[in-house]
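K.L.:
sequence unavailable; structure follows:
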């Protein structure tokens with residue numbers, strides 16, 4: 001009787017599961033780190049640039065990066081009727097989202113602005129259940145609520161910051177930005193069925209850069225522009241490359257591989273990264289309560305993913 005050998009299909013199935021779960025999740029976590037750092041980078045860039053100029057140059061730098069991939073991007077064919085969804089996606093984010101987030105950071109601290117992002121997963125989960133017909137498990141809801149409680153604890157455990165002259169107004173503007181982000185994520189999920197994450201990220205950057213181009217002529221630039229070696233300029237380059245090109249690319253990839261209600265759970269990691277980086281780079285205080293709160297946030301994210309059986313109907 002001939003010897004038996006393991007079937008190659010097992011390795012193939014294991015590799016497929018790995019590509020469908022581990023890689024998207026790792027990409028989402030890395031994207032959350034970059035987005036959490038964006039609050040700090042924007043605070044630094046605002047020292048020498050106006051908020052609207054920061055937004056434009058951030059998107060312009062990202063668009064220049066995508067020019068290197070233009071031959072590949074041109075292969076993508078846009079389906080009839082999808083222009084309106086591409087435009088709506090870019091209108092929600094980066095256009096409206098960046099405006100409200102930039103205004104928010106004028107009035108509140110980077111840590112508190114990051115805290116407000118905890119509202120986003122529940123908003124996305126509700127809209128995804130209503131519009132995309134995704135089933136949301138009890139573990140998803142329980143984890144979301146626990147993570148939100150941890151994020152609010154982050155805020156309550158903090159101390160007043162000189163960079164937050166009107167936290168109430170700033171946090172409200174960040175909430176409006178989250179409403180825009182919800183529209184972006186839901187529209188994005190629809191588009192990922194037919195378009196690659198790379199193409200969608202490039203479309204966001206190009207449409208956003210054109211949208212904010214008039215701000216260069218409407219609002220005057222600072223009298224003395226910083227040098228390339230200055231921290232504000234380096235922060236601007238970081239926003240355009242890592243935060244926009246890489247982070248959005250990773251997030252769009254993650255959303256294309258797992259249900260949007262699951263992917264949105266990782267957004268609760270943004271305030272954790274924002275608080276930690278705000279402490280290390282901007283000197284914002286990190287209290288013992290905030291340290292415990294970060295553990296609550298991480299626990300909430302784990303619970304929301306533990307044993308999840310969420311499927312798209």
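P.N.:
In hand now; what should we look at? All of these numbers come straight from a predicted model, not from anything done at the bench.
K.L.:
just the helices in the stretch 201-313 of the chain please.
P.N.:
Ranges of helices within the stretch 201-313 of the chain are 215-218, 231-238, 247-257, 260-263, 269-282, 288-305, based on DSSP state H, counting those that start in this stretch.
K.L.:
mean confidence score for the fourth one?
P.N.:
It refers to helix 260-263. Mean pLDDT, taken over the full extent of helix 260-263, equals 78.
K.L.:
any regions of the stretch 51-200 of the chain where pLDDT drops low?
P.N.:
Applying pLDDT under 70 to the stretch 51-200 of the chain flags residues 132, 134, 151, 154-163.
K.L.:
tell me where it has helices.
P.N.:
In the stretch 51-200 of the chain, the helices defined using DSSP H, counting those that start in this stretch lie at 51-67, 70-73, 83-90, 97-107, 110-116, 119-127, 138-156, 167-191, 197-212.
K.L.:
can you list the neighbours in contact with the second one?
P.N.:
Which is helix 70-73. Contact partners of helix 70-73, identified using C-beta atoms under 8 Å, 6 or more residues apart in numbering, comprise 66, 198-199, 202. For every residue, glycine as well, the C-beta is placed using N, CA and C.
K.L.:
quick one: it to chain centroid distance?
P.N.:
How far helix 70-73 lies from its chain's middle: 24 Å, per C-alpha atoms, centre = their mean, to the nearest Å.
K.L.:
buried set for that helix?
P.N.:
For helix 70-73, a neighbour-count test (16 or more other C-beta atoms under 10 Å) marks residue 73 as buried.
K.L.:
what's the burial count for residue 202?
P.N.:
24 (other C-beta atoms under 10 Å).
K.L.:
oh, that last question was meant for residue 37, not what I typed.
P.N.:
Neighbour count of residue 37, defined by other C-beta under 10 Å: 25.
K.L.:
residue contacts, it?
P.N.:
238, 242-243, 273-274, 277.
K.L.:
related to what we said a few turns ago, ranking the contacts of helix 70-73 by neighbours, who comes first?
P.N.:
residue 202 leads the contacts of helix 70-73 on contacts (other C-beta under 10 Å) with 24 neighbours.
K.L.:
what sits against the closest residue to that residue other than its chain neighbours?
P.N.:
Among residues not flanking residue 202 along the chain, residue 66 sits closest, at 4.1 Å (C-beta to C-beta, 6 or more residues apart in numbering). Applying C-beta under 8 Å, 6+ apart to residue 66 gives the contacts 73, 201-202, 205-206, 245.
K.L.:
export those residues to JSON lines and tack on distance to residue 283?
P.N.:
Output for the contacts of residue 66, formatted as JSON lines (distance: C-beta to C-beta, whole Å):
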{"residue": "73", "distance to residue 283": "41"}
{"residue": "201", "distance to residue 283": "33"}
{"residue": "202", "distance to residue 283": "36"}
{"residue": "205", "distance to residue 283": "32"}
{"residue": "206", "distance to residue 283": "37"}
{"residue": "245", "distance to residue 283": "29"}
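K.L.:
if we take the residues you listed, which one ends up nearest to residue 58?
P.N.:
residue 205 (8.9 Å; C-beta to C-beta).
K.L.:
now the closest one, nearest residue through space, not along the chain?
P.N.:
Leaving aside its chain neighbours, residue 205 sits nearest to residue 62 (3.9 Å; criterion: C-beta to C-beta, 6+ apart).
K.L.:
next one: residue 196
P.N.:
Nearest to residue 196 is residue 76, by C-beta to C-beta, 6+ apart, at 6.8 Å.
K.L.:
correct me, but residue 113 touches residue 103?
P.N.:
No. Assessed by C-beta atoms under 8 Å, residue 113 is found out of contact with residue 103, at 10.5 Å.
K.L.:
anything in contact with each of those two?
P.N.:
residue 170.
K.L.:
quick one: which of those two has more around it?
P.N.:
Set side by side, residue 113 and residue 103 show more neighbours around residue 113, with 28 against 18, by other C-beta under 10 Å.
K.L.:
ok, and the closest non-adjacent residue to the more buried one?
P.N.:
Of all residues not flanking residue 113 in the chain, residue 174 sits nearest, at 4.8 Å (C-beta to C-beta, 6+ apart).
K.L.:
got the contact list for the one residue sitting closest to the centre of the chain?
P.N.:
Residue closest to the average C-alpha location in the chain (C-alpha atoms, centre = their mean): residue 35, at 5.2 Å. By C-beta under 8 Å, 6+ apart, the contact set of residue 35 is 243, 247, 251, 270, 273.
K.L.:
number of nearby residues for the second one?
P.N.:
Looking back up the chat, that one is residue 247. Neighbours around residue 247, by other C-beta under 10 Å: 24.
K.L.:
find the nearest non-adjacent residue to it, please.
P.N.:
Distances taken as C-beta to C-beta, 6+ apart put residue 34 closest to residue 247, at 3.7 Å, once the chain neighbours are dropped.
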